[in-house]
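>>> sequence and predicted structure are below.
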Amino acid sequence: MSPPPRRVLIVHNPTAGRHKRRRLLRVVERLERLGCAVTVAETTCRGDAEMIAARATRADYDAVVAAGGDGTVNEVLNGLALVEGGPALGVIPLGTANVLACEIGLAPRDADQIARAIAFGPARRVHLGLANRRRFLLMAGAGLDAHVVAGVNIALKRHAGKLAYVVEGLKQAVGYDFPVLTIRADGVAYEGRMAVACKGRFYGGPFVAAPDADLEAPRLEVCILPAAGVTGMLRYGLALPLGKLPELPEVQVVSARSIVITGPRGAPVQGDGDIVARLPVEITIADETVDLICPLAVRGPALRASAALERA
């Protein structure tokens with residue numbers, strides 16, 4: 001027998017833009033057509049999504065759905081993780097990179113697939129990462145990428161999407177001094193100019209950075225990039241979309257349950273595309289897990305993106 005449609009609380013940031021609101025409304029319409037009871041809660045400021053999710057209970061909702069980018073997902077999961085046995089986590093991908101959507105094989109513009117997943121899709125238990133005191137689902141890192149996240153122009157991001165990160169990346173690369181970071185992974189020391197602890201395989205969109213990462217596994221895959229300067233970053237920037245970054249001879253990807261990154265004190269640490277901590281940072285597997293709603297087509301123990309997204 002098919003499971004009953006879920007009772008859904010959608011957490012949405014209304015400043016995302018009119019065209020994204022239209023995409024949201026299309027999903028809501030389909031959810032209601034599938035028989036879901038839908039409540040939409042709009043945020044007014046940073047932190048609202050976490051607070052709304054923390055107050056949601058299984059008595060009222062089967063799922064809390066983050067309608068936005070990976071940063072909105074991060075806020076919602078931090079709220080859900082505060083209460084054991086709370087509602088499952090769903091996503092309506094309305095962001096710039098939508099890395100989580102890539103990870104689970106969810107097409108950001110397919111309103112029918114998104115609605116069917118939220119209404120009836122399997123909920124899989126996933127392990128969270130923890131950067132100091134902040135939980136993350138996909139990745140946390142230090143180095144140039146964190147400085148880009150910290151400095152990106154929000155207005156340009158709303159209008160130009162990923163181009164805003166390219167602009168900020170070029171600007172940062174020219175003035176950035178690429179300090180050495182010390183990465184201690186399960187007690188073993190490494191050095192690099194950038195380090196990303198991955199819970200998922202994808203980074204920056206449909207680009208594989210850590211092929212063995214698995215959201216359901218209680219471990220981190222730590223990608224360590226040692227090259228400095230604009231030339232090194234261009235090399236990595238070209239290798240990533242080609243799926244070759246982990247294959248570069250100087251790049252190391254190591255498995256660990258706990259890492260400590262030290263470098264310039266107070267330098268930013270990004271998690272799921274937002275600044276979540278400052279150096280020094282300890283990144284570990286969190287005690288909490290969440291149930292993540294996936295598309296109906298996803299099967300097996302690992303969360304794998306669809307073949308179409310792999311080829312994107």
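Sure thing, it's come through.

>>> and the residue lying closest to Val180 once chain neighbours are set aside, what helix or strand is that in?
In space, and not counting its chain neighbours, Val180 is closest to Glu191: 5.6 Å by CB to CB, 6 or more residues apart in numbering. Every residue, glycine included, has its C-beta placed from N, CA and C. Element membership of Glu191, judged by DSSP states H and E, is strand 188-192.

>>> re earlier: what about the residue nearest to Val180, distance to Ala185?
The spacing between Glu191 and Ala185, counted by CB to CB, to the nearest Å, is 12 Å.

>>> and those two? Which one has more around it.
Neighbour totals were compared for Glu191 and Ala185, and Ala185 leads with 22 against 12 (other CB atoms under 10 Å).

>>> skipping adjacent residues, who's closest to Pro122 in space?
That would be Cys294: by CB to CB, 6+ apart, it lies 5.7 Å from Pro122.

>>> could I get the full set of helices for the stretch 51-200 of the chain?
70-80, 99-104, 111-120, 144-151, 154-160, 162-175 (DSSP state H, counting those that start in this stretch).

>>> select, out of these, the one closest to Leu181.
Nearest to Leu181, of all those, is helix 144-151, at 10.4 Å by CB to CB.

>>> next, the buried residues of that closest one.
Residues of helix 144-151 classed as buried: 144-149 (neighbour count, 16 or more other CB atoms under 10 Å).

>>> then stretch 178-187?
178, 181, 183, 185.

>>> next one: stretch 206-223
206-210, 213-215, 217, 219-223.

>>> ok, longest helix in the protein?
What stands out as the longest helix in the chain, according to DSSP state H, is helix 18-33.

>>> contact partners for the residue nearest to Val180?
By CB atoms under 8 Å, 6 or more residues apart in numbering, Glu191 lies in contact with 180-183, 224, 226.

>>> hmm, back to that, measure how buried the residue nearest to Pro122 is and give me the count.
Neighbour count for Cys294, taken as other CB under 10 Å: 23.

>>> what do you get for His19?
His19 has 9 nearby residues by other CB under 10 Å.

>>> and it, how close does it get to Gly95?
13 Å.

>>> where in the stretch 1-150 of the chain is pLDDT low?
Under the criterion pLDDT under 70, the flagged ranges of the stretch 1-150 of the chain are 1, 16-18.
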